[in-house]
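> Kindly return the folded structure for what I paste below:
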Amino acid sequence: MYYLTYGELARVNCVSKTFGGAVQIVVSSLARKFELSGHQLGTRWLRQMELAACNARVAMSFWRTRVYPCAGLIVDKNGACFSFGERRVVLGREVSTDARYRELVTPRRVGGALLSVRVSQVAVGIDFALTMSIDGGLFSWGSNREGQLGLGDLITRLMPTPVPSFDGRFPTCIAASRTRALAISGGNVYVWGGSMRRPNVCIPFRLVGPAEASAPFVSAGVGTYIGLAIDAHGSVWRWGDDWGRLEANKLTPALYRVPTLQHAVQVSVGLRHSHVLLASGAVYACDHFSTEDLPILVAGLDNASVSAVFVGHKTSFAISAAGEFFAWGAGKRGELATGTRDPRRPDPARVEALHSHKIVSIGGGVGLIAIAISADTGNEEFYTWGRRCVYTSDGPACAYTSNGVFSTLIEPRRFELGTDH
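Modelled structure (predicted):
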């Protein structure tokens, strides 16, 4: 068993979960690869990286309105990336100007540079997308009016475009929200993109914390108002709501530690709240607008052995080590997948509609998608619920009803990835 030191960890070039189940690490200083199977995950930071690598195969924009149409990405078991949605600029593939709605919302293979690489992580903002290949290459495309593509300009790209490496290193984790993006590379957190209260940042810059933030960062998430990052010690660091309260054109974000959270392994950041998963399996919730800024323990998951968490628009989800699926929060648009329109569920409850499946990855906002493994066939299947954002064979051809209201799914509905033309 090989343990990397913190110094070697800071020089990690890339990490990804291989499709055979191992975690692959590339360390620049050693110029070699280490593949570690699940039973060899002997350090906390490796589990943190594994969560980031395997829990980001689905990404969708939080919003679903006529002003901000839905867009999303899905990665299949072979590393092929598929896009769907009404936001054409995010599709990353050739789409005719007269394409019908069904063609837009049917997941089809992203074109260009991604046709020749295997994708391991995806992230989506309102009108742009990020992907990371299994070898650590970063690609972006979509609208770039606020520099969210990280390419040093404000030019929109309709096809995947390589993003320059960060000081010669490739990223190990990516995230996106609204018109801002994030990546971890070499143990550092880099951010770029727009904010309504500061100049655009077109080139990724490194967040600088206090002297005590000496351990490398291994995973992070970003939302509309705040960002959260976990270091190799399991400490949680926060910044926001303006990329760390930037001071008059000075890139000096106020990155500070959340003292009540220790031994963290994963964060999921949403629109108004976030969740932090600890190594013990405990899940804590953080209210972005709370004046006290104190994380609250989520009750009802004590015996669930939670292995991953996800935050939607106003909904929260947890996945157990056995692949069981729990949901709580707002559900008037069917986000809870209960078969009803529960306005609010304060406590986590198991999603019975997927009880015979092991959840692999989940993403979305008011419309949601999950990748699940069927217990009957052992094959990966794709399900969607909430506001209709992806085409299902038994659904309407349009996301809108006759009176202009969004069509919703109150329980998970299976869909298929489209074939290439």
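> who touches the closest residue to residue 280 other than its chain neighbours in this structure?
The shortest distance from residue 280 to any residue that is not its chain neighbour, by Cβ to Cβ, 6 or more residues apart in numbering, is 6.9 Å, and that residue is residue 263. All C-beta atoms are positioned from the backbone trio N, CA, C, and that covers glycine. Residue 263 sits next to 44, 234, 278-280 when contact means Cβ atoms under 8 Å, 6 or more residues apart in numbering.
> my read is residue 103 is in a helix, agree?
Yes: secondary structure assignment places residue 103 in a helix (DSSP: H, G, I helix; E, B strand; the rest coil).
> Wait, it touches residue 95, no?
Yes: in this structure, residue 103 sits in contact with residue 95. The criterion is Cβ atoms under 8 Å, and the distance is 7.2 Å.
> Show the low-confidence segments of the stretch 101-250 of the chain, by residue range.
Along the stretch 101-250 of the chain, the parts satisfying pLDDT under 70 run over 195-200, 211-212, 241-250.
> ok so, going back, which one among the contacts of residue 263 gets closest to residue 112?
Taking Cβ to Cβ as the measure, residue 44 is the one of the contacts of residue 263 closest to residue 112, at 37.2 Å.
> what is the closest residue to residue 416 other than its chain neighbours paired to in the beta sheet?
Take residue 416 and drop its neighbours on the chain: the residue closest to it by Cβ to Cβ, 6+ apart is residue 382, 7.1 Å away. Taking DSSP bridges as the rule, residue 382 bridges to residue 371, residue 415.
> What of residue 84?
Beta bridges link residue 84 to residue 72, judged by DSSP bridges.
> Surely it and residue 102 touch.
No: with contact defined as Cβ under 8 Å, residue 84 and residue 102 do not form a contacting pair (10.5 Å).
> Those two: who's more crowded?
Comparing residue 84 with residue 102 by other Cβ atoms under 10 Å, the one with more neighbours is residue 84, at 27 against 12.
> need the contact list for that one.
Taking Cβ under 8 Å, 6+ apart as the contact definition, residue 84 lies against 71-72, 74, 91, 104-108, 389-391.
> Format those as TSV; extra columns: neighbour count.
Listed next are these as TSV, based on neighbours: other Cβ atoms under 10 Å:
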residue	neighbour count
71	30
72	29
74	25
91	26
104	22
105	26
106	19
107	22
108	21
389	28
390	28
391	22
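> rewinding a little: mutual contacts of residue 84 and residue 102, please.
With contacts defined as Cβ under 8 Å, 6+ apart, the residues shared by residue 84 and residue 102 are residue 391.
> For residue 318, list each beta-bridge partner.
Residues found in beta-bridge contact with residue 318 (criterion: DSSP bridges) are residue 309, residue 326.
> That one and residue 85, how far apart?
For residue 318, the distance to residue 85 equals 26 Å [Cβ to Cβ, to the nearest Å].
> In terms of neighbours, single out the busier of those two.
residue 318 (28 against 24).
> What separation do you get for the more buried one and residue 227?
Between residue 318 and residue 227 the distance, using Cβ to Cβ, works out to 21 Å.
> Please list all residues in contact with residue 410.
Residues touching residue 410, when contacts are defined by Cβ under 8 Å, 6+ apart, comprise 334, 337-341, 385.
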